[in-house]
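Asker: give me a model of this one.
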Amino acid sequence: MNAVEPPPDDLAALITAINDLLPSMAMTHEDLELDSVAHRTGIPEEVVLALLRGEPVPDEALNPGFTDRLAFLLDTRRAPDGKPYKQIHIADALGLSRGMVSALLSGGREAGRAVTASLEEFFDVDPGFLSTNGRRALARALRPVCASLLTLSTLRGERVSHLAMRSSIDVADIRLAGRLQEALAAVLTTPSPPERDPSERNPSEQDPPVRDPSEPAPREQPPWERPSPPEPPTDPEERELREIADQVRALAPPSRTRLMGKIRGLLRQP
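Answerer: Model prediction:
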């Protein structure tokens, strides 16, 4: 499938691209970890799902107000100790009075640009989380998802058909998704080197030694002396990593070598 990367904020184009890619991956909307999209944008998961399904969505559902978004952050983000933030934490961090924070949450006061930016920094969310148009915010969150689907589609041609979707929603992975897509495209479009004629073997390459028939055959290790097979991993991510590794090992040697080189290059990126 020849997919064209949609414009940065074209939500309709992104949704079309995602819906076009899902069937070829034997995936559904439920496989996209939409709860992570909701966590990043403050737009409810059911609203994101409705948009992906082409269902009508009221403007107020797609564009929560400032107070709703701030309340969402207070409900979903956690302090370094794992406990929910309280209004006093916000007040102390931003140098505001408790009354001011309470008024912001109730809608009694409007936040200026400086306070809004400080709140977004405090909760460690994308700039504009509290003010960006919902369609723009959702497009920004769905771009790495679409990029991951494109990568999956490319990998499927090399018989690697499954990668975790959740990691693709992280902000740091947006750049990685693009680099990975570019690297894999280079891998898959580079022609394999021609097979070498056995007669052109390097002089340093030697045939394995032939065993003398008069020598006793090597002793075969009995089953009870053989090491036990490793226990299957219980962690889902560890199992998935092993599955991907096994599928990469199954590739033809030229493709495997090129793919491993590209992966090593990505891992060395800052």
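Asker: Val248 versus Ala117, what's the distance?
Answerer: Distance from Ala117 to Val248, counting by Cβ to Cβ, to the nearest Å: 44 Å. Backbone N, C-alpha and C define where each C-beta goes, glycine included.
Asker: likewise Glu55?
Answerer: Glu55 is 39 Å from Val248, where distance means Cβ to Cβ.
Asker: higher neighbour count, these two?
Answerer: Per other Cβ atoms under 10 Å, whichever of Glu55 and Val248 has more neighbours is Val248, with 17 against 10.
Asker: ok but that one is inside a helix, no?
Answerer: Yes: assessed with DSSP: H, G, I helix; E, B strand; the rest coil, Val248 lies in a helix.
Asker: and it, what's its pLDDT?
Answerer: We note a pLDDT of 72 for Val248 in this prediction.
Asker: doesn't Met260 make contact with it?
Answerer: Yes: here Val248 reaches Met260: they are 7.4 Å apart, a contact under Cβ atoms under 8 Å.
Asker: please name the nearest non-neighbouring residue to Leu73.
Answerer: In space, Leu73 comes closest to Phe123 once its chain neighbours are excluded; the distance is 4.6 Å by Cβ to Cβ, 6 or more residues apart in numbering.
Asker: now Ala111: which helix or strand?
Answerer: Per DSSP states H and E: Ala111 is located in neither a helix nor a strand.
Asker: state the pLDDT value of the residue nearest to it when sequence neighbours are not counted.
Answerer: In space, and not counting its chain neighbours, Ala111 is closest to Leu104: 5.7 Å by Cβ to Cβ, 6+ apart. Per-residue pLDDT puts Leu104 at 93.
Asker: state the distance from Ser131 to Ala137.
Answerer: Going from Ser131 to Ala137 by Cβ to Cβ gives 9 Å.
Asker: if you count what's nearby, which of the two comes out ahead?
Answerer: Using other Cβ under 10 Å, the more surrounded residue of Ser131 and Ala137 is Ala137, with 25 against 14.
Asker: so what's the more buried one up against?
Answerer: Counting by Cβ atoms under 8 Å, 6 or more residues apart in numbering, Ala137 makes contact with Thr41, Gly42, Ile43, Asp126, Gly128, Phe129.
Asker: among the residues you listed, name the buried ones.
Answerer: Listed as buried from these are Thr41, Gly42, Ile43, Phe129; burial here means 16 or more other Cβ atoms under 10 Å.
Asker: which of those fall within helices?
Answerer: Thr41 (DSSP state H).
Asker: CSV for the buried ones among the contacts of Ala137, including pLDDT?
Answerer: Listed next are these as CSV, based on pLDDT from 0 to 100:
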residue, pLDDT
Thr41, 93
Gly42, 93
Ile43, 93
Phe129, 93
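Asker: tell me the one among the buried ones among the contacts of Ala137 nearest to Thr154.
Answerer: Among these, Thr41 lies closest to Thr154 (Cβ to Cβ), at 26.7 Å.
Asker: what sits against that closest one?
Answerer: Going by Cβ under 8 Å, 6+ apart, Thr41 touches Val48, Phe129, Gly134, Ala137, Leu138, Arg140, Ala141.
Asker: check Val125 too.
Answerer: Taking Cβ under 8 Å, 6+ apart, one finds Arg40, Leu73 in contact with Val125.
Asker: helix/strand/coil for it?
Answerer: Applying three-state DSSP: Val125 is coil.
Asker: tell me which residues of stretch 102-118 are tucked away?
Answerer: Across stretch 102-118, burial judged by 16+ other Cβ under 10 Å covers Ala103, Leu104, Leu105, Arg109, Ala111, Val115, Thr116, Ser118.
Asker: tell me the one of those residues nearest Asp20?
Answerer: When the buried residues of stretch 102-118 are compared for distance to Asp20 (Cβ to Cβ), Thr116 comes out closest, at 36.5 Å.
Asker: correct me, but the closest one touches Pro127?
Answerer: No: Thr116 lies out of contact with Pro127 (Cβ under 8 Å); the separation is 9.5 Å.
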